[in-house]
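> sequence? don't have it. structure:
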């Protein structure tokens, strides 16, 4: 599998998580963390269900992956997330030392790059736009139904 | 009680939390959240104990305060924390809509202001330097012992 096909494959898994969030009436954002071609954490936004603004998909995925690995650093992992991380999640990802982040849609309001690209380490590989339309469509559909 | 005395009073409580972290061999940072002159959450850094880079004092305090209030927004609360929040914690605090943040020592390496002051809302009241020496001393002592 080429790298882009690989990235699309895992982004589809993140999209599945976003779909689960959608069905729970949560803002539909999903994430998976991959280590050596294996998904070691799956998570979706649960801020309403848990009544907790910190329960973003990425934050839960970081915690779950560290728990799986038995160590707090995700130095051999890749995060796939359907939406560009916010500063909170980007900050958490920096602490995790994760070397690669792949996201789908850009967040034009709360994306970390609007605040400071330096929240992530300059050596972190960041790939954006993977299944961008699908990731964005799910969010649009959610907010359309909310209106 | 004047406001500064009040702030010192609650910062001492945050320092107590930092001391508990110290005794657990955790980087000694503590936080409390106050609502209507009542401490509704106490937390200290637990990244080593929980094997989780997201377990900063502030993040746990946000979750605990929301749990106490039964709502995810901390719109009538003040956070007291011994060290300037990092981008992750500042991002979480933004989402929480907390209107006032009081911190002790400045974080010259990872403080959110080094990345972007805009991670916090421009209307958030931010007070720094309360019991700064005590807050910084505990951290210095911790890292001195580690060397």
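Now that the structure is in, tell me what you want to look at. Predicted model, so just to flag it, every value in this text is computed and none were measured.

> and residue A:33, how close does it get to chain B?
13 Å (CB to the nearest CB, to the nearest Å). Backbone N, C-alpha and C define where each C-beta goes, glycine included.

> should've said residue A:68
11 Å.

> pull the contacting residues for that residue.
The neighbours of residue A:68, taking CB atoms under 8 Å, 6 or more residues apart in numbering or on different chains as the test, are A:40-41.

> quick check: it is in a helix.
Yes. Under DSSP: H, G, I helix; E, B strand; the rest coil, residue A:68 falls within a helix.

> just the terminal-to-terminal distance for stretch A:22-42.
15 Å (CA to CA, to the nearest Å).

> buried set for it?
For stretch A:22-42, the neighbour count (16 or more other CB atoms under 10 Å in any protein chain shown) marks A:22, A:26-35, A:40-42 as buried.

> stretch A:135-144 now?
Quick answer for stretch A:135-144 (16+ other CB under 10 Å): A:135-136, A:138-139, A:142.

> looking at these, spot the one nearest residue B:119.
Set against residue B:119, the nearest of the buried residues of stretch A:135-144 by CB to CB is residue A:139 (22.2 Å).

> and that closest one, its phi and psi?
phi -70, psi -40 (degrees, to the nearest 10).

> can you give me how far stretch A:84-104 is from the chain middle?
Distance, stretch centre to chain centre, for stretch A:84-104: 8 Å (CA atoms, centre = their mean, to the nearest Å).

> against chain B, how distant is the residue at minimal distance from the centre of chain A?
The residue lying closest to the centre of chain A (CA atoms, centre = their mean) is residue A:81, at 2.5 Å. Note on residue A:81: its distance to chain B, by CB to the nearest CB, is 15 Å.

> in the sheet, who's paired with the residue nearest to that residue when sequence neighbours are not counted?
Residue nearest to residue A:81 in three dimensions, not counting chain neighbours: residue A:31, with 4.1 Å by CB to CB, 6 or more residues apart in numbering or on different chains. Following DSSP bridges, residue A:31 is listed with bridge partners residue A:43, residue A:81.

> over to the one 4 residues further on?
Beta-bridge pairing of residue A:35 under DSSP bridges involves residue A:38, residue A:77.

> follow-up on the earlier one: which residues touch the residue nearest to residue A:81?
So residue A:31 contacts A:14, A:17, A:41-44, A:57-58, A:60-61, A:79-82 (CB under 8 Å, 6+ apart).
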